[in-house]
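# okay, structure incoming, though there's no sequence with it:
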């Protein structure tokens, strides 16, 4: 189970620890409520240790949707397991594969 916190002043949503498939709904809810009323949002995954496939897909979908003209930036550690999972979700999104459940 991951830890999710929002830093309003920085417009940063921090996700830490292992973020498993069961966390998808909580992550989606956190992104939508954190982005409400903001022009930009940073999703900080630098403290995430694992990312379930559907969670990664939900993050990529939110970033790509740019709902209401908002810009969403995703931070992650280069060459980490989280980075690899996000890259796989980006490939799935480009291929039109829906894994969000």
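Sure, I can see it. This one's a predicted model, so the numbers in the text were calculated from it and none came from an experiment.
# what's the residue most central in space within the chain in contact with, if anything?
The centre of the chain sits closest to residue 59, judged by Cα atoms, centre = their mean, with a distance of 3.1 Å. Applying Cβ atoms under 8 Å, 6 or more residues apart in numbering, we find residue 59 in contact with 27, 31, 43, 45, 51, 74, 86, 89. No exception for glycine: its C-beta is placed from N, CA and C like everyone else's.
# can those go into CSV with extra columns for neighbour count and pLDDT?
CSV is the format used below for the contacts of residue 59 (neighbours: other Cβ atoms under 10 Å; pLDDT from 0 to 100):
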residue, neighbour count, pLDDT
27, 23, 96
31, 24, 92
43, 22, 96
45, 26, 98
51, 30, 96
74, 19, 95
86, 22, 96
89, 24, 95
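# just the residues you listed: which are in helices?
With DSSP state H as the criterion, helices contain 27, 31, 86, 89 from among the contacts of residue 59.
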